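**Q** Return a 3D structure for these sequence lines:
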Amino acid sequence: MRTVLAVDGGNSKTDLAIVDIDGTVLAAVRGPGSSPHHVGIAGSVERIGALYDQALAAARRRGRCDVGVFMLAGVDLNGEEEELHIALSKQPWVDRALVRNDTFAVLRSGTDASAGVAVVCGAGINCVGVAPDGRMARFPALGAITGDWGGGYDLGLAALGAAVRADDARDEPTSLSRIVPEFFGLPTAEDVAIALHTRELSGWRLADLSPLVVAAAQDGDPASGALVDRLADEVAGFAVAALTRLGMLGDEVDVVLGGGLLRAGSARLGERIDAIIHATAPRARIVHATQPPVVGAAVLALDEAGAGAPARARLREQFGNGEVVLAPYTTIAGADEPMRDLDGRPTSG
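**A** Predicted coordinates for the structure are as follows:
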């Protein structure tokens, strides 16, 4: 029986699926993060291998898969792809391996077209574009050192700064002065900042503030609204830049939006993103990814194995109707923090 292997390896979790060539999901499992920036190449291979062994046993299959598609956070540069590809190709899992950044998985999770643009906004932010002729537009996505702003961490950090500035009269009052310290269980925003400075609080927790900032913007708080607008500008800016570089501004093309912040359903955020993109690319179709990125990885694997549209449709239907449940894998030492850039902030991968 011909099978393919799909892996979506993030900072905090990894989803892995073994899929029959006809699109039937034989096994699917979820474990801790496998980003090589966080656990190293060897650690990444080890974690994927443990998940593969569990999935293979659940699928009651032996032997190698025809194709393996490994989409991992933090694999942003060509050299990183090559290094991980060499390590994965040595494993007895697949006959042929394809390694890419996990943003490619988000793209295909939201569209059946081989061309398009995807912007991911979760803990951090990243974007990829693929033209009909296969040309790609990619971004380093290394955080502040490559000019990136956006995602849960940046939004939370900016919210904390806005709260402190409002409290000390540098800026106008904001509801963030109440929201931020309440979230951390401390008296003031300055106390939160000090706790972060002294490492009594993990900086990673700032990302968890982001839904509260979005909600405050919806409630009319000016400072929160300005931050959400800035986030929308960054998301749309990535998409427009990718379309521009690929010469696709006038095309009917899917722009897939994925990641926790873009799945949250903020009307203000979504409307501003749509307006900016359509002002420059009026024929673009804005698509909000509703299926997990591992579906996109599996779609790519089926494509690489020569499967057709019916197989892709069967795959999507199983995830869409809840037939597929990602079984937990809890015996690997978990990754409780995302990878960091040179400033110690989480990056998108």
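**Q** check which helix or strand covers the residue of the chain most remote from its centre.
**A** In the chain, counting by Cα atoms, centre = their mean, Ala169 sits farthest out from the average C-alpha position, at 36.8 Å. Per DSSP states H and E: Ala169 is located in neither a helix nor a strand.
**Q** need the contact list for it.
**A** By Cβ atoms under 8 Å, 6 or more residues apart in numbering, Ala169 lies in contact with nothing. C-beta: built from backbone N, CA, C; applies to glycine.
**Q** Look up phi and psi at it.
**A** phi 80, psi 10 (degrees, to the nearest 10).
**Q** so how far is Ala189 from it?
**A** Distance from Ala169 to Ala189, counting by Cβ to Cβ, to the nearest Å: 13 Å.
**Q** next one: Gly225
**A** Distance of Gly225 to Ala189, computed by Cβ to Cβ: 18 Å.
**Q** Let me know the secondary structure of Asp22.
**A** coil (DSSP: H, G, I helix; E, B strand; the rest coil).
**Q** Which residues are in contact with it?
**A** Here Asp22 is in contact with Ala307, Pro310, Ala311, Arg314 (criterion: Cβ under 8 Å, 6+ apart).
**Q** Distance check, it against Val235.
**A** Counting by Cβ to Cβ, the gap from Asp22 to Val235 is 36 Å.
**Q** Drop anything exposed from the contacts of Asp22.
**A** By neighbour count, with 16 or more other Cβ atoms under 10 Å, those hold Ala307, Ala311, Arg314 as buried.
**Q** Sort out which of those are in helices and list them.
**A** Ala311, Arg314 (DSSP state H).
**Q** circling back to that earlier point, which one's more surrounded, Gly225 and Ala189?
**A** Ala189 (26 against 18; other Cβ atoms under 10 Å).
**Q** And what about Ala97, helix, strand or coil?
**A** On the three-state scheme (three-state DSSP), Ala97 is labelled strand.
**Q** Let's have the buried ones among the contacts of Asp22 in CSV, adding pLDDT and distance to Gly185.
**A** Shown next, in CSV, are those (pLDDT from 0 to 100; distance: Cβ to Cβ, whole Å):
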residue, pLDDT, distance to Gly185
Ala307, 94, 51
Ala311, 96, 50
Arg314, 96, 48
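**Q** Rounded mean pLDDT for stretch 189-208, please.
**A** Averaged across stretch 189-208, pLDDT comes to 94.
**Q** quick one: Trp204 from Val69, how far?
**A** Trp204 sits 28 Å away from Val69, going by Cβ to Cβ.
**Q** for Asp171, that is, sorry about that
**A** Distance from Asp171 to Val69, by Cβ to Cβ: 47 Å.
**Q** just Val75 next, same as before
**A** Distance, Val75 to Val69, using Cβ to Cβ: 12 Å.
**Q** returning to that earlier point: show me which of the buried ones among the contacts of Asp22 is closest to Asp112.
**A** Using Cβ to Cβ, Ala311 is the member of those that lies nearest Asp112, at 11.3 Å.
**Q** now that closest one: how far from Leu107?
**A** 18 Å.
**Q** ok, now Gly237?
**A** Separation of Gly237 from Leu107 (Cβ to Cβ) stands at 18 Å.
**Q** Out of those two, name the residue with the larger neighbour count.
**A** Counted by other Cβ under 10 Å, Gly237 and Leu107 do not tie: Leu107 has more neighbours, with 33 against 17.
**Q** Now do the SS call for that one.
**A** helix.
**Q** Contacts only, for it.
**A** Taking Cβ under 8 Å, 6+ apart, we find Leu107 in contact with Gly116, Val117, Ala118, Val128, Val130, Val256, Gly296.
**Q** Equivalent analysis for Thr111, please.
**A** Asp254, Val256, Val287.
**Q** and which of these is nearest Ala159?
**A** Val256 (26.7 Å).
**Q** Could you give the number of residues near the closest residue to the closest one other than its chain neighbours?
**A** The shortest distance from Val256 to any non-neighbouring residue, by Cβ to Cβ, 6 or more residues apart in numbering, is to Gly110 (3.4 Å). Gly110: 24 surrounding residues under other Cβ under 10 Å.
**Q** Report the separation between the two terminal residues of stretch 186-206.
**A** Distance across stretch 186-206, first residue to last, is 14 Å (Cα to Cα, to the nearest Å).
**Q** Please spell out which residues along that stretch are buried.
**A** 186, 188-193, 195-196, 201, 203-206.
**Q** so for stretch 32-46, what's the average pLDDT?
**A** 90.
**Q** Distance from that stretch to the middle of the chain?
**A** Here the centre of stretch 32-46 is set off from its chain's centre by 16 Å, with Cα atoms, centre = their mean, to the nearest Å.
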